[in-house]
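> Just to be clear, the model below is a prediction. Sequence and coordinates:
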Amino acid sequence: MPNTAEVVKPVASLMGVTKRIGSKTLISDLTLDIPPGQIFGFLGPNGAGKTTTIRMMVGLISISRGDILICGRSIKDHFEEAIANVGAIVENPEMYKFLTGYQNLRQYARMVPGVTKERINEVVELVGLSQRINDRVKTYSLGMRQRLGVAQALLHRPKLLILDEPTNGLDPQGIRELRDYLRKLCQTEGTTVFVSSHLLSEMELMCDSVAIIQNGRLIDVKQLKTVGDAAVPVSQTFFEVDNPEAALAQIGQGVIMEGGLAVDAVREEIAELNAKLVAAGIKVYSIKAMSRSLEDQFLEITGGEGIG
Ligand SMILES: Nc1ncnc2c1ncn2[C@@H]1O[C@H](COP(=O)(O)OP(=O)(O)OP(=O)(O)O)[C@@H](O)[C@H]1O
Ligand SMILES: [Mg+2]
């Protein structure tokens, strides 16, 4: 795993974060760095503690032990400075239903210094709401309301956008569009996105990295590989061939192992690599996945346990 997080300053750091309510420990000693410029997934089954963690990150509830830094500023000690870098939708954002989407943004922009008309138009365009922005919010679908919420959260150009289960209630097309505009946001404004979900398949398509949480504890952080506009997990694949050296020369990557070549590849690449080998006259006897996929790991971690 590249150690970019060590070289580049994280946008957010959770440091031994613990949340207790009464005798119950909801989050235990959660330590996590969120590197800049990424779409970072926060994956866990229902009741894992995603919302609780996010509520601490945005200061909606207190942190029992540990601290959270946003752009190096403590949420506990320098809340105003820390939160200035954050845009978030945690609970349903307050909107005036009888005003248009645009009027809502204007209203909100009044409370935020430095938000221009151009900026409002920019965020509306970014979330793909231009067509409906002058309609009243009461006529909006759930997906449109969510877009408006994201637009509002982005007005002040936050370094970190936090979304709690943004795909809930969206149809496949809506999920795809969300993915597209989050990616665009990440690329054009350099915004880091922290997004929670209980669905691994969504996280795989949307995120550059995924942290897995269960029962209030961090289980693992996985990096995913971007292919086209989707991120997919890399797994090691073993090609059993008659001539491993020739296979290595042909593919240009991998490690020679007994009777074959081990290559880091994503699903689509496996077929392409195989075609290359065959075309070069190399005999392929078998192709095996060497490491477990993220899905296997996630299911193993969360499977059968039910709600924690
Ligand atoms: N105010 C509270 N008092 C007591 N327990 C709480 C409180 N809020 C949350 N919990 C418990 O903390 C655990 C984590 O809840 P949380 O809402 O953070 O999970 P989640 O990962 O967001 O789940 P979901 O996918 O269902 O949204 C759950 O067991 C929940 O019942
Ligand atoms: Mg939740």
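All right, it came through fine. Ligands and ions are numbered 1, 2, ... in the order given.
> For the stretch 201-308 of the chain, give me the ranges with low pLDDT.
The model of the stretch 201-308 of the chain has pLDDT under 70 over residues 225-235, 290-308.
> any chance you could map the strands in it?
Applying DSSP state E, counting those that start in this stretch to the stretch 201-308 of the chain gives strands spanning 209-214, 217-223, 225-227, 230-232, 235-241, 255-257, 260-265, 284-289.
> same question, the stretch 51-200 of the chain
65-70, 73-74, 86-89, 160-163, 192-197.
> The ones you listed: which one's closest to ligand 2?
strand 192-197 (6.7 Å; Cβ to the ion). From N, CA and C alone the C-beta is placed, and that goes for glycine too.
> so what secondary structure elements neighbour the closest one?
Helices and strands touching strand 192-197, by 3 or more Cβ pairs under 8 Å, 6 or more residues apart in numbering; DSSP states H and E, are strand 39-43, helix 50-57, strand 160-163, helix 172-189, helix 200-206.
> Looking at those, which one is packed in the most?
strand 39-43 (a mean of 28; mean count of other Cβ atoms under 10 Å).
> Report the distance from that one to the chain centre.
3 Å (Cα atoms, centre = their mean, to the nearest Å).
> tally of neighbours for the residue nearest to Y102 when sequence neighbours are not counted?
Residue nearest to Y102 in three dimensions, not counting chain neighbours: I133, with 4.7 Å by Cβ to Cβ, 6 or more residues apart in numbering. By the criterion of other Cβ atoms under 10 Å, I133 has 21 neighbours.
> what residues are up against I133?
Neighbouring residues of I133 by Cβ atoms under 8 Å, 6 or more residues apart in numbering: T100, G101, Y102, L105, V124.
> what number of residues lie near the last one?
Burial measure for V124: 22 neighbouring residues, criterion other Cβ under 10 Å.
> So it sits against N134, correct?
No: applying Cβ atoms under 8 Å, one finds V124 not in contact with N134, separated by 10.0 Å.
> hang on, the earlier thing: next one: the residue nearest to Y102 from ligand 1, what distance?
Separation of I133 from ligand 1 (Cβ to the nearest ligand atom, to the nearest Å) stands at 30 Å.
> Over to H78?
From H78 to ligand 1 the distance is 25 Å (Cβ to the nearest ligand atom).
> Check I70 too.
For I70, the distance to ligand 1 - Cβ to the nearest ligand atom - is 19 Å.
> any residues in contact with both of V124 and N134?
G101, Y102.
> got the residues of this protein near ligand 1?
I21, K24, L26, G44, N46, G47, A48, G49, K50, T51, T52, H198 (Cβ under 6 Å from any ligand atom).
> can you list the residues of this protein near ligand 2?
Within the chain, the positions adjacent to ligand 2 are K50, T51 by Cβ under 5 Å from the ion.
> circling back: highest mean neighbour count out of the strands of the stretch 201-308 of the chain?
Among the strands of the stretch 201-308 of the chain, strand 209-214 has the highest mean neighbour count (mean count of other Cβ under 10 Å), at a mean of 23.
> What lies in contact with stretch 49-58?
12, 14, 17, 19, 26-27, 30, 42, 44, 61-63, 68, 70, 75, 83, 86, 88, 90, 162, 164-165, 194, 196, 198, 213, 215-216.
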